[in-house]
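Asker: fold the following and give me the result.
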Amino acid sequence: MSDPQPWRNPRPAPQLPEMQPRLHRLLIPAWLRSWWPALAWACVIFTLSTDSFSSEHTASLFSPLVHWLFPHLSEDQFDFIHHIIRKSAHFTEYFIFCVLIYRGVRGDRKGWRWTWGISALSVAAGYSIMDEIHQAFVASRTASPYDSLLDSIGAFFAFAALWLWFRFRRNNGKTADSQA
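Answerer: This is a model prediction of the structure:
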């Protein structure tokens with residue numbers, strides 16, 4: 001008996017559960033999947049450089065919490081703690097930013113490449129300079145080359161941490177292969 005509908009494909013169309021693992025790859029371009037976290041973090045950094053996150057505003061935010069934790073703290077001691085918190089934020093935000101840029105530069109590829117790491121470090125350091133220039137145009141903020149240096153140091157520590165991470169993983173892979 002011959003097939004009454006020879007033009008039909010005998011293979012059924014894939015169902016949604018079969019397609020779900022691949023769906024994000026079909027809908028979102030690879031470059032966007034790699035870069036969206038770094039782009040989102042760049043927006044966070046830009047937002048943190050506005051008047052809302054100036055020293056005066058963050059002091060009023062941290063003051064009740066710090067004074068609740070340490071009720072006998074003098075104003076000078078609070079100012080020092082507030083300064084340390086703000087400078088730690090500079091370091092931390094650019095550490096994270098450099099890691100996310102490395103992720104974007106690397107894309108779907110695996111491992112460590114010096115060019116990827118240096119590119120991530122350079123972009124993060126360049127963005128820190130642009131961030132300080134942005135702060136120069138915000139009335140309640142001041143641009144400081146020292147803050148840009150601190151940002152770049154945070155990015156450098158991320159660069160070093162990534163290099164150590166991939167080196168450690170590569171060495172563990174070699175020892176696991178040699179023991180097998």
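Asker: only C-alpha atoms from now on, for both contacts and neighbour counts.
Answerer: Noted.
Asker: for this structure, give me the ranges with low pLDDT.
Answerer: 1-3, 9-10, 12-26, 173-180 (pLDDT under 70).
Asker: cutoff 80 now
Answerer: Residues of the chain meeting the criterion pLDDT under 80: 1-28, 57, 171-180.
Asker: in the longest helix along the chain, what counts as buried?
Answerer: The longest helix of the chain (DSSP state H) is helix 145-179. By 16 or more other Cα atoms under 10 Å, the buried positions in helix 145-179 come out as 147-159, 162-163.
Asker: what does stretch 57-64 give?
Answerer: The neighbour-count check on stretch 57-64 (16+ other Cα under 10 Å) flags 59, 63 as buried.
Asker: show me what the longest helix of the chain is packed up against.
Answerer: helix 75-106, helix 114-136 (3 or more Cα pairs under 8 Å, 6 or more residues apart in numbering; DSSP states H and E).
Asker: helices or strands up against the longest one?
Answerer: The criterion is 3+ Cα pairs under 8 Å, 6+ apart, and the helices and strands that helix 75-106 contacts are helix 30-48, helix 55-69, helix 114-136, helix 145-179.
Asker: nearest to residue 90, of the ones you listed?
Answerer: helix 145-179 (5.5 Å; Cα to Cα).
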